[in-house]
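Q: Predicted model follows, preceded by the sequence.
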Amino acid sequence: YRLPEVAKGIAAGETIWIPEGEKDADNLAALGLIATTSPGGAGKWRVEYNATFRGAVVRILPDNDVAGERHAQQVVRHLEGIAKEVRIVRLGGAGKDVSDWLEAGGSREGLLELARETSAPSPSVASEESQAQWPSLDPRALHGLAGEIVAAIEPHTEADPAALLFQF
């Protein structure tokens, strides 16, 4: 989503924001930030998106729910070692997402300040957090013909990619 702007932003060394939905990405773009999302909502990050973010500075803005947190952790696992830097920026508050946060009075400056205050997750912290949640398939498992088939089927089902791979 918004791939041309994302590619230009990465080349220019700008921060790329990844909220959970298109509406959120559009609201961030209206603030002058470069934003994208994975189509289909939480849990729909695909391995083929990873290469786009090589060398990027990424800030993930999860929705304020369990699915949002799982999605943020999934994106972190996919982009570790590919992106230059990945951080999860949690907005807190009563709103569900960054759009709600902005409607409640949040601003570009406030968002940038929160991002500056957010420390990068270390691999050990990301691993500990993911152990408390549903396990996620390592993207390296999705190579070859089996990976291509799982990538083709996964967007059209609620099945876990690991289950699809196992069944294949």
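A: Nice, thanks for sending it over. Numbering: from 1, shown residues only.
Q: Quick one: residues contacting Glu154.
A: By CB atoms under 8 Å, 6 or more residues apart in numbering, Glu154 lies in contact with Arg46, Pro161, Leu164. Where you see a C-beta, it was placed from the backbone N, CA and C, and this is true even at glycine.
Q: Ignore what I typed, I meant Phe53.
A: Neighbour list for Phe53: Ile10, Ile16, Leu79, Ile82, Ala83 [criterion: CB under 8 Å, 6+ apart].
Q: what's the closest non-adjacent residue to it?
A: Distances taken as CB to CB, 6 or more residues apart in numbering place Ala83 nearest to Phe53, at 4.7 Å, with adjacent residues excluded.
Q: how close does that neighbour sit to Ala56?
A: Per CB to CB, to the nearest Å, Ala83 is found 5 Å from Ala56.
Q: Redo the contacts of Glu154 as a markdown table? Include distance to Gly93, pLDDT and neighbour count.
A: Converted to a markdown table, the contacts of Glu154 look like this (distance: CB to CB, whole Å; pLDDT from 0 to 100; neighbours: other CB atoms under 10 Å):
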| residue | distance to Gly93 | pLDDT | neighbour count |
| --- | --- | --- | --- |
| Arg46 | 30 | 90 | 17 |
| Pro161 | 32 | 80 | 21 |
| Leu164 | 36 | 84 | 19 |
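Q: Inside helices: which ones of these?
A: Pro161, Leu164 (DSSP state H).
Q: now the contacts of Glu154 as a markdown table including distance to Thr36?
A: Listed next are these as a markdown table, based on distance: CB to CB, whole Å:
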| residue | distance to Thr36 |
| --- | --- |
| Arg46 | 13 |
| Pro161 | 21 |
| Leu164 | 25 |
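Q: Do a quick rundown of the helices in the chain.
A: Under DSSP H, the chain gives helices at 3-11, 22-30, 66-79, 98-103, 108-117, 123-131, 144-153, 161-167.
Q: Pick out the shakiest of those, pLDDT-wise.
A: Mean pLDDT per stretch puts helix 123-131 lowest among these, at a mean of 45.
Q: if we can go back for a sec, closest one of the contacts of Phe53 to Asp97?
A: Nearest to Asp97 among those is Ile16, at 17.4 Å by CB to CB.
Q: Next, count neighbours for that closest one.
A: Residues near Ile16, counting by other CB atoms under 10 Å, number 24.
Q: again with Gly93
A: For Gly93, the count of nearby residues is 12 (other CB under 10 Å).
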